[in-house]
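[1] Kindly generate the corresponding structure for this input.
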Amino acid sequence: MSQLKHIQSKIKSLDEIVTCSKEWRSKKKKIVFTNGCFDIVHLGHIDYLCKASELGDVLIIGVNTDASVRRNKGESRPVQDEMARATLLASFVFSDAIVLFDEDTPYNLISAIAPNVLVKGSDWSEDEIVGADIVLRSRGEVRTIDFLDGYSTTSILEKALRAH
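    Here you go, the predicted model:
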């Protein structure tokens, strides 16, 4: 299998990720889930995702579709289309599966996957984290990870606009 085909094979449909989750769970793998737009992947994302992957055996990354990003971030976003963002995330060694979701939140996706660990940035409190109720009800963990100072997609876009 070519490298690109291997990378693309990590991008899963909802049905595929549910099947993979059941298989991983049957092998006693600890499933970690996080999500985001990941519009312009930067060092802060890599730091965050590496730390998330260290919380279990399998890292599933939920990625907002283009329509979902537009609803959440405005008409000027995303900068990169959903398949470009998903493929880039799938290329990282620490990612095991990428799944796109079209809703405004990943609640239904989290419900379908039932991860052992749900991860968000520390700018979220536990009671604000979508899907925390699902994970906690099944005796899982909800964790937050501090962001790397100075790195955000918004600040990168603002800097680029100021430069031009």
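
[2] For Arg71, see how far away the nearest residue to Asn64 once chain neighbours are set aside is.
    Nearest in space to Asn64, with sequence neighbours left out and distances taken as CB to CB, 6 or more residues apart in numbering, is Cys37 at 4.9 Å. From N, CA and C alone the C-beta is placed, and that goes for glycine too. Using CB to CB, to the nearest Å, we find Cys37 at a distance of 11 Å from Arg71.

[3] neighbour-wise, which of the two wins?
    Cys37 (20 against 15; other CB atoms under 10 Å).

[4] What separation do you get for the more buried one and Leu43?
    To Leu43, Cys37 is 16 Å away according to CB to CB.

[5] mind listing what's buried in the helix ranked longest in the chain?
    With secondary structure taken from DSSP state H, the chain has its longest helix at helix 14-26. Residues of helix 14-26 classed as buried: Ile17, Val18, Cys20, Ser21, Trp24, Arg25 (neighbour count, 16 or more other CB atoms under 10 Å).

[6] Output those residues in CSV, with distance to Thr87 and pLDDT appended to each entry.
    Putting the buried residues of helix 14-26 into CSV (distance: CB to CB, whole Å; pLDDT from 0 to 100) gives the following:
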residue, distance to Thr87, pLDDT
Ile17, 16, 98
Val18, 21, 98
Cys20, 18, 98
Ser21, 21, 98
Trp24, 22, 98
Arg25, 26, 97
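
[7] of these, closest to Gln80?
    When those are compared for distance to Gln80 (CB to CB), Ile17 comes out closest, at 21.5 Å.

[8] May I have the secondary structure class of Leu109?
    Here Leu109 is recorded as helix under DSSP: H, G, I helix; E, B strand; the rest coil.
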